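> for reference, the sequence and a predicted model appear below.
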Amino acid sequence: MPKSMDRTRCGAVCALATLALSAALTSAVAAPAPPESPRIPFAERFHSTGHGGIARAGRTTVARTAYLDTDAAPRTVGSSSARLRLPAGSRVRYARLYWGGDLRPGGPRAARDTGQVLLAGPRGRYEEVRADGPIGRRSTARTDVYQASADVTALVRRGGPGTYTVARAATGHRAARAGSWGGWVLVAAYENPREPLRRLTLWDGFEALGGKRRALAVELPGLRIPAHSRGRAGVVAYRGTPGTHGKISAQAGRITPVALHGAADPANDGPQSMRPNSGRQAPGRATYHNALGFDSDVFDLTPALRSGGDRVAFRFTTRKAGYLLGALFVQADLRR
């Protein structure tokens, strides 16, 4: 495409984004902020059985020493985009948006905005999203980390597959130079008659590992997975860095726990702030291999399912600085 057409298209998109943003901000109604807690035990958020799967998209909001600015709208901060990929013919059953980051370099102003973000689907119109439950927030002498989340099923069902943009997720105002970081993940459970029959489940909470607490167990009951099933698991975590020396293991039934690893996370290094979208960023966007403190990855769960069982037990460990775990999802085949 000629450069002049690129510039024209960018100008039109930016103008539409600005108009949509103004409408979203004007229509916002003040609501009480959700409560905050330094620890939220993991609990089931969604569970279904059917032909389908779980997809996710996510991206950091800070890169190197600057906020990302996908939409170029003057009234947004930290806007970033990622593509949600769904098989043709899919229908979204449930979708949830998770966002979080480090507030420490930002002060009180950043802290006031933790419970709301702007989300735009493939059609490009921003909608305000507010946290619909307690916000996890844990402060130390060096960090002030939080996670918020909201049900966005209606928005994602309308938008379908494509590029989603999140803006105004609270992080410190001085960006990465002062150690700030943040990001978001959109998790979508979908149904599709062409996909295998699967058990789908999403759990979330806000649990810290590190210091005196070196391990966390999360058990997902009621899955009734047959032997030799295939599956995968995904996590959302915060403050992990390369060299965390953590481990994620899982087991179904009575087999020995199996260490899990993904494309960005070796089996012996746990969540480590690597590329949150696993190569599925929006076209034309730069890829950032280090997300500075925010991590989302998917792991092959198949080796842990070989004996089958009613439940899957996960164990998260760390030997160094530690990290915070925010969400966990599993999809497991029920028929081979």
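In hand now; what should we look at?
> list the residues that contact the residue nearest to Leu324 when sequence neighbours are not counted.
Counting by CB to CB, 6 or more residues apart in numbering, the nearest residue to Leu324 once its immediate chain neighbours are dropped is Tyr238, at 4.4 Å. For the C-beta atoms, the positions are set from N, CA and C on the backbone; glycine is no exception. Contact analysis of Tyr238 by CB atoms under 8 Å, 6 or more residues apart in numbering lists 100-101, 145, 147, 293-295, 323-324, 326.
> repeat for Leu223
Going by CB under 8 Å, 6+ apart, Leu223 touches 199, 201, 252, 309-312, 330, 332.
> what's the answer for Tyr94, then?
When the contact criterion is CB under 8 Å, 6+ apart, the partners of Tyr94 are 46, 48, 151, 153, 188-189, 202.
> before we move on, the earlier item: restricted to strands, list the contacts of Tyr238.
Cross-referencing the contacts of Tyr238 against strands under DSSP state E gives 100-101, 145, 147, 294-295, 323-324, 326.
> tell me which element the residue nearest the centre of the chain falls in.
Nearest to the mean C-alpha position of the chain, by CA atoms, centre = their mean, lies Val185 at 2.4 Å. For Val185, the host element (DSSP states H and E) is strand 182-191.
> just name the closest of the contacts of Tyr238 to Ser80, please.
Phe294 (10.9 Å; CB to CB).
> so what's Phe46 closest to, chain neighbours aside?
Ranked by CB to CB, 6+ apart and with sequence neighbours excluded, the top spatial neighbour of Phe46 is Leu202, at 4.3 Å.
> so the one you found is in which element?
Using DSSP H and E, the element containing Leu202 is strand 197-209.
> name every strand pairing with that strand and say which way it goes.
strand 40-60 (antiparallel), strand 323-333 (antiparallel) (DSSP bridges).
> residues contacting the nearest residue to Gly322 once chain neighbours are set aside?
For Gly322, ignoring the flanking residues on the chain, the nearest one in space by CB to CB, 6+ apart is Gly210 at 2.0 Å. Contact partners of Gly210, counting by CB under 8 Å, 6+ apart, are 318, 320-323.
> let's see that with 6 Å instead.
318, 321-322 (CB atoms under 6 Å, 6 or more residues apart in numbering).
> quick one: stretch 91-104 to chain centroid distance?
Taking CA atoms, centre = their mean, to the nearest Å, one finds stretch 91-104 lying 5 Å from the centre of the chain it belongs to.
> what mean pLDDT does that stretch get?
Regarding stretch 91-104, the rounded mean pLDDT is 94.
> which positions within that stretch qualify as buried?
In terms of neighbour count (16 or more other CB atoms under 10 Å), stretch 91-104 has its buried residues at 92-104.
> likewise for stretch 142-162?
Here stretch 142-162 shows 143-153, 155-157, 159-162 as buried, counting by 16+ other CB under 10 Å.
> how far away is Trp333 from Arg125?
Quick fix: residue 333 is Asp, not Trp. For Asp333, the distance to Arg125 (CB to CB, to the nearest Å) stands at 37 Å.
> those two - which one has more neighbours?
Asp333 (20 against 17; other CB atoms under 10 Å).
> hang on, Arg157 in a helix?
Yes: counting by DSSP: H, G, I helix; E, B strand; the rest coil, Arg157 is part of a helix.
> which residues does it contact?
Arg157 makes contacts with Val92, as judged by CB under 6 Å, 6+ apart.
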